[in-house]
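In: for reference, the sequence and a predicted model appear below.
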Amino acid sequence: MQRCSWAGTEEIYLQYHDTEWGVPKYDSRVLWEKLVLDGFQAGLSWITILKKRDNFRTAFRGFDPNIIAHWGEAEVSTLLENPGIIRHRGKIEATITNAKAWQRIEEAGGFDRFLWDYVGGAPIQNRFKAQADVPTSSALSEQIAKDLKKAGFKFCGPTIVYAFMEAMGLLNNHLVTCTRHADVAKLARAL
């Protein structure tokens, strides 16, 4: 199997590349979870978060924003003691803030629609031939980051948003030489 070069050789990363990365996700809570995890990843490698993802899911109650939105200092303190996650006060507090922002967007029409409207409801099918050709941000990720911040989100700059868009399938950024490019393109549908 020909893969994108970033997938490396670690089994957990290969599985992520082969089964998750770039597959279009249309569920509001799934999209929110990934955006939160990408915020925790800021300054770290994604594989660090990927290896702790199950711990995060347990610690953050299945990433239910309707639960997390009501958290306060007691929950923050508990999370800061949890060695299974990234213990960063700012990122933990941002998750609570982001849960409240998610609720507002969800109530106004859906977090899924909010995000997918930026790409016309269907994934952008890029055709990059080399990893060096793939940008780390774009005018679109800058706009989405700006709008997310305006809506109250934290830890969602243009680079985080671009990586999120790739992972959640808003962009098909598998290289054309990767066998997953065509597979992921076939999964595209309009929201």
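Out: Okay, I see it.

In: show me the shaky parts of the protein.
Out: Scanning the chain for pLDDT under 70 picks out the ranges 190-191.

In: where does the residue of the chain most remote from its centre fall, phi/psi-wise?
Out: Within the chain, A74 marks the point farthest from the mean C-alpha position, 26.4 Å out by C-alpha atoms, centre = their mean. When read as degrees, to the nearest 10, the backbone of A74 gives phi -60, psi -40.

In: and it, how close does it get to A94?
Out: Applying C-beta to C-beta, to the nearest Å, the value for A74 to A94 is 17 Å. Glycine gets a C-beta too; all of them are placed from N, C-alpha and C.

In: got it, and P83?
Out: P83 is 20 Å from A94, by C-beta to C-beta.

In: between those two, which has more neighbouring residues?
Out: Each of P83 and A94 has its neighbours counted (other C-beta atoms under 10 Å); A94 has more, 20 against 7.

In: give the next helix or strand downstream of the lengthiest helix in the chain.
Out: Across the chain, the longest stretch assigned as helix under DSSP state H is helix 89-107. Using DSSP states H and E, the next helix or strand after helix 89-107 towards the C-terminus is helix 111-116.

In: tell me the helix or strand right after that next one.
Out: strand 124-125.

In: mind listing the strands that next one pairs with, and their directions?
Out: strand 171-172 (parallel) (DSSP bridges).

In: which residues sit against the partner strand?
Out: Here strand 171-172 makes contact (C-beta atoms under 8 Å, 6 or more residues apart in numbering) with G22, V119, P123, I124, Q125, N126, Y162, M165, H181, V184, A185, A188.

In: next: stretch 39-59.
Out: Stretch 39-59 has contacts (C-beta under 8 Å, 6+ apart) with 8, 10, 12-13, 16, 33, 37-38, 63, 79, 82, 84-86, 88, 91, 94-95, 98, 154-157, 160, 163.

In: likewise for stretch 108-121?
Out: Contacts of stretch 108-121 (C-beta under 8 Å, 6+ apart): 26-28, 31-32, 102, 105, 122, 140, 143-144, 165, 168, 170-171, 190-191.

In: mind listing what's buried in that stretch?
Out: G110, F111, D112, F114, L115, W116, Y118, V119 (16 or more other C-beta atoms under 10 Å).

In: distance of the last one relative to D112?
Out: When C-beta to C-beta is the yardstick, V119 and D112 sit 12 Å from each other.
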